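Asks: coords please:
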Amino acid sequence: MPETTILLLDDDPDVGLAAQLLLQRRVAPVVCLRRPAELAAALDRLRPALLLLDLNFGPGRTDGTQGLRLLAEVQARPQPPAVVVMTAYADIDLAVQALKRGAFDFITKPWDNVRLIAICREALQRTRSAPDADVAPVAAEPPRSLAAQERAAVLAAMAEAQGNLSAAARLLGVSRAALYRRLDKHGL
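Replies: Down below sits the predicted model:
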């Protein structure tokens with residue numbers, strides 16, 4: 001089996017360097033790309049287990065449409081890598097859209113190092129434990145960690161409540177203070 005590789009697509013070279021320095025010794029080697037046009041060829045050549053995907057490319061872009069389109073293209077490939085989407089322009093709706101479209105997780109830049117390492121390790125563990133393509137497919141989605149489930153539930157409630165914290169707390173059945181703690185815990 002080839003060595004596990006992480007592919008990062010981000011137009012900011014400093015983000016690529018920071019990810020390489022952080023992840024290469026703690027998780028897996030990181031190969032960086034800066035242009036979306038390079039992604040398909042790199043996926044074919046490297047067959048990475050994990051793709052860290054920025055959602056915005058070019059000056060003035062903040063809506064995430066470019067990254068969501070790339071996410072859909074990656075997910076349409078046979079045996080796609082796990083995808084963690086990243087953006088400096090995070091909002092709850094964008095995170096929920098990315099998760100619904102198949103992203104493993106969502107992280108905001110600048111990231112928390114411990115959290116990025118943990119997300120990458122969890123995503124790689126999921127890909128390693130995934131069944132081979134020759135084996136009959138299993139039920140819809142493999143189980144996620146409790147923290148990932150909690151984060152997804154918080155994101156979904158925030159999206160459904162359209163950012164209203166009191167309404168989101170009611171949907172989750174927690175106090176507003178408890179929701180604030182969970183938002184902070186998950187970097188939201």
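Asks: just the helices from this protein, written as ranges.
Replies: 13-23, 39-46, 65-75, 92-100, 113-129, 146-160, 165-172, 176-185 (DSSP state H).
Asks: weakest of those helices by average pLDDT?
Replies: When the helices of the chain are compared on mean pLDDT, helix 146-160 scores lowest, with a mean of 78.
Asks: what's the domain layout of the protein?
Replies: 6-140, 143-188 (automatic domain parsing).
Asks: can you list these in TSV and add mean neighbour count?
Replies: Using the backbone N, CA and C atoms, a C-beta is placed for each residue, glycine as well. Output for the domains of the chain, formatted as TSV (neighbours: other Cβ atoms under 10 Å):
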stretch	mean neighbour count
domain 6-140	17
domain 143-188	16
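Asks: find the nearest non-adjacent residue to V74, please.
Replies: Distances taken as Cβ to Cβ, 6 or more residues apart in numbering put P80 closest to V74, at 5.1 Å, once the chain neighbours are dropped.
Asks: adding distance to I6, write the helices of the chain out as JSON lines.
Replies: Putting these into JSON lines (distance: least, Cβ to Cβ, whole Å) gives the following:
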{"stretch": "helix 13-23", "distance to I6": "6"}
{"stretch": "helix 39-46", "distance to I6": "10"}
{"stretch": "helix 65-75", "distance to I6": "14"}
{"stretch": "helix 92-100", "distance to I6": "18"}
{"stretch": "helix 113-129", "distance to I6": "7"}
{"stretch": "helix 146-160", "distance to I6": "18"}
{"stretch": "helix 165-172", "distance to I6": "32"}
{"stretch": "helix 176-185", "distance to I6": "24"}
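Asks: quick one: closest of those to L52.
Replies: L52 lies closest to helix 13-23 among the helices of the chain, at 6.4 Å (Cβ to Cβ).
Asks: and that closest one with helix 113-129, angle?
Replies: Here helix 13-23 runs at an angle of 70 degrees relative to helix 113-129 (axes from the mean of the first three to the mean of the last three Cα atoms, to 10 degrees).
Asks: got the contact list for helix 13-23?
Replies: Contact with helix 13-23 is made by 6, 8, 10, 30, 32, 34, 52, 54, 86, 109, 113, 116-117, 120, as judged by Cβ atoms under 8 Å, 6 or more residues apart in numbering.
Asks: how far out from the middle of the chain is that helix?
Replies: 16 Å (Cα atoms, centre = their mean, to the nearest Å).
Asks: how about stretch 171-187?
Replies: That offset, for stretch 171-187, works out to 21 Å (Cα atoms, centre = their mean).
Asks: can you pull up the bridge partners for T108?
Replies: T87 (DSSP bridges).
Asks: tell me the contacts of it?
Replies: Counting by Cβ under 8 Å, 6+ apart, T108 has contacts 86-88, 90, 187-188.
Asks: now those residues in a markdown table, with distance to A168 and pLDDT?
Replies: Below are those laid out as a markdown table (distance: Cβ to Cβ, whole Å; pLDDT from 0 to 100):
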| residue | distance to A168 | pLDDT |
| --- | --- | --- |
| M86 | 23 | 91 |
| T87 | 21 | 84 |
| A88 | 23 | 83 |
| A90 | 16 | 66 |
| G187 | 16 | 76 |
| L188 | 11 | 74 |
